[in-house]
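J.: Give me a model of this one.
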Amino acid sequence: MLKIAHIVNPVVVNESSDLFVAQPITFKTMLSAKTYAEAHNLDVDLFTAQFPEDHSIVPEGFQKTPDLNRSVLDFGDFEVQRKLPLIRDIIGKLFDEAQNADFLIYTNADIALMPYFYITVAKIIDKGYDAFVINRRTISKKYYSPEEIPLMYSQAGEKHGGYDCFVFRKSAYENYKLGSSCIGAPPIGKILLLNLIGNAKNFQEFADLHLTFHIGNDETWKSSSSEYNSHNLNELRKVYQEYQEKESFVEHPLIIEQIYNKLIADNSDQKKSFYNQHKQPTPTQPKTSYRLFDKIRERLKSFF
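T.: As a prediction, this is how the structure comes out:
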C-alpha cells in the first residue's frame with residue numbers, strides 16, 4: 001500500500017504575522033485530509049521540523065522530528081537577523097524519520113489542504129508521475145478562523161503561479177542539491193522545482209487543480225530582506241550549474257522560462273553565452289548539430 005509522509009515547518013509568531021492566522025488553518029486541514037485519506041485506505045503520516053522554541057505551536061496528530069539546530073545565519077553574514085531554516089534540513093528530517101514512506105510532501109506553513117488532497121495525490125502517483133508541484137488557489141480574506149474552514153472550502157478561489165507544494169519519490173531525495181538555501185525568501189520554490197525536475201522520470205506541474213489554498217494574496221515574501229533573497233538566488237545559481245553539468249533538465253520548458261530566463265541570465269553576457277550555445281544553424285553549420293535546440297523550441301511552443 002502506498003505510504004505518504006508530509007512535513008511542514010511550524011513557527012511561533014506574533015499577531016502581526018500572516019502565519020498567526022494561516023498556521024492553525026493549515027494544521028487543521030492537514031489533519032482533516034489525513035482522516036479522509038485513512039477512511040479510503042491510504043496511509044499518511046504528518047511531521048513537523050521545528051526549532052526548540054517552536055514546540056508549543058505543534059498540534060497533536062503531528063510527529064515532531066528532532067529539533068533543527070542551525071539556520072541560514074550559520075551560512076552567511078546578515079545585517080537583519082532572521083533565523084530561517086534550511087530547506088535541506090527540513091526535508092532531511094522527513095527523509096530520516098519517515099522510513100517506510102514511498103513519497104514525500106513539503107508544503108509551506110501557510111498552505112491549507114482540501115479534504116481530498118492526499119487521495120488525489122495518490123491518484124496522480126498511480127498515473128505514473130514521480131515528482132510534481134501543485135499550485136495553490138488564492139481565496140479571499142473574508143474568513144480567517146479554523147471554525148470557518150468549511151466556508152473556505154466552498155471558495156473556488158483564483159489560480160496562483162507560485163510553487164509551494166512539492167511531491168516527490170523518497171528514493172530520489174538522496175540526489176537532491178539544495179545547498180544552504182532557506183525557506184522564507186524567494187526563490188526557494190524554484191530551487192526545489194529544479195531538484196524535482198532534475199531527479200524525476202515523469203515530472204508535471206498541476207496549475208489548475210483545486211487541492212490547496214492560501215488566504216489572501218498579500219505577497220508578504222516580497223517584503224523579506226533582500227539579503228536573504230540574494231542568498232537564495234546565489235544558491236539557485238550554484239544548484240543550476242550542478243544540474244547543468246549533469247544535463248538533467250536542459251529541455252524542460254519550466255527550467256528555461258521560469259528559472260534560466262528570469263533568474264540565471266540576469267546580464268547580457270550570460271544571455272549571450274547561452275544563446276550562442278543554442279543559436280540557429282548557419283548555412284556552413286550542419287543542422288543536425290542543433291537538434292536539441294529544435295526540440296527545446298518545440299517544447300516551448302507546446303507549453304505556451
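J.: Please count neighbours and contacts with C-alpha atoms only from this point.
T.: Will do.
J.: who touches stretch 234-245?
T.: Stretch 234-245 is contacted by residues 177-181, 187-188, 190-191, 194, 198, 249-250, 264 when judged by CA atoms under 8 Å, 6 or more residues apart in numbering.
J.: May I ask which of these has the most neighbours?
T.: Neighbour counts for the contacts of stretch 234-245 were taken using other CA atoms under 10 Å; the highest belongs to residue 181, which has 31 neighbours.
J.: Could you list the low-confidence segments of the stretch 201-304 of the chain?
T.: Residue ranges of the stretch 201-304 of the chain with pLDDT under 70: 219-225, 248-251, 266-304.
J.: Tell me where the stretch 1-150 of the chain has helices.
T.: 18-39, 87-97, 117-126, 149-153 (DSSP state H, counting those that start in this stretch).
J.: And these: which comes nearest residue 12?
T.: Smallest distance to residue 12 across these (CA to CA): 8.0 Å, for helix 18-39.
J.: so where do the strands sit in the stretch 201-304 of the chain?
T.: Using DSSP state E, counting those that start in this stretch, the strands of the stretch 201-304 of the chain run over residues 203-206, 212-215.
J.: Which among the helices of the stretch 1-150 of the chain is found nearest to residue 260?
T.: Of all the helices of the stretch 1-150 of the chain, it is helix 87-97 that lies closest to residue 260, at 21.1 Å by CA to CA.
J.: helices or strands next to the closest one in the packing?
T.: The contact analysis (3 or more CA pairs under 8 Å, 6 or more residues apart in numbering; DSSP states H and E) places helix 87-97 against strand 3-8, strand 103-107.
J.: Adding mean neighbour count, mean pLDDT and distance to residue 31, write those out as a markdown table.
T.: Rendered in a markdown table, the data for these read as follows (neighbours: other CA atoms under 10 Å; pLDDT from 0 to 100; distance: least, CA to CA, whole Å):
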| stretch | mean neighbour count | mean pLDDT | distance to residue 31 |
| --- | --- | --- | --- |
| strand 3-8 | 23 | 98 | 11 |
| strand 103-107 | 24 | 99 | 14 |
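J.: Any chance of those strands in JSON lines with distance to residue 234 as columns?
T.: As requested, the helices and strands packed on helix 87-97 are arranged in JSON lines below (distance: least, CA to CA, whole Å):
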{"stretch": "strand 3-8", "distance to residue 234": "24"}
{"stretch": "strand 103-107", "distance to residue 234": "22"}
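J.: Switch the helices of the stretch 1-150 of the chain over to JSON lines; also include distance to residue 12 and mean pLDDT.
T.: Compiled in JSON lines, the helices of the stretch 1-150 of the chain are given as follows (distance: least, CA to CA, whole Å; pLDDT from 0 to 100):
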{"stretch": "helix 18-39", "distance to residue 12": "8", "mean pLDDT": "98"}
{"stretch": "helix 87-97", "distance to residue 12": "16", "mean pLDDT": "98"}
{"stretch": "helix 117-126", "distance to residue 12": "26", "mean pLDDT": "98"}
{"stretch": "helix 149-153", "distance to residue 12": "21", "mean pLDDT": "98"}
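J.: could I get these as TSV with mean neighbour count and distance to residue 141?
T.: As requested, the helices of the stretch 1-150 of the chain are exported to TSV (neighbours: other CA atoms under 10 Å; distance: least, CA to CA, whole Å):
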stretch	mean neighbour count	distance to residue 141
helix 18-39	20	10
helix 87-97	20	28
helix 117-126	17	22
helix 149-153	17	9
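J.: circling back to that earlier point, out of the contacts of stretch 234-245, which two sit at the greatest distance?
T.: With distance counted by CA to CA, no two of the contacts of stretch 234-245 lie farther apart than 180 and 250, which are 23.4 Å apart.
J.: what residue ranges in the stretch 51-200 of the chain are flagged as low confidence?
T.: Along the stretch 51-200 of the chain, no part satisfies pLDDT under 70.
J.: that older thread, nearest to residue 119, of the strands of the stretch 201-304 of the chain?
T.: Between residue 119 and the strands of the stretch 201-304 of the chain, the tightest spacing by CA to CA is seen for strand 212-215, at 12.9 Å.
J.: Extract the C-alpha set from the closest one and format it as PDB.
T.: Output of strand 212-215 as PDB, limited to C-alpha atoms (Å, rounded to 0.1, in the frame of the first residue of the first chain):
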ATOM      1  CA  THR A 212      -4.600  23.600  -1.800                       C
ATOM      2  CA  PHE A 213      -5.500  27.200  -0.900                       C
ATOM      3  CA  HIS A 214      -3.900  30.300   0.600                       C
ATOM      4  CA  ILE A 215      -5.800  33.100   2.400                       C
END
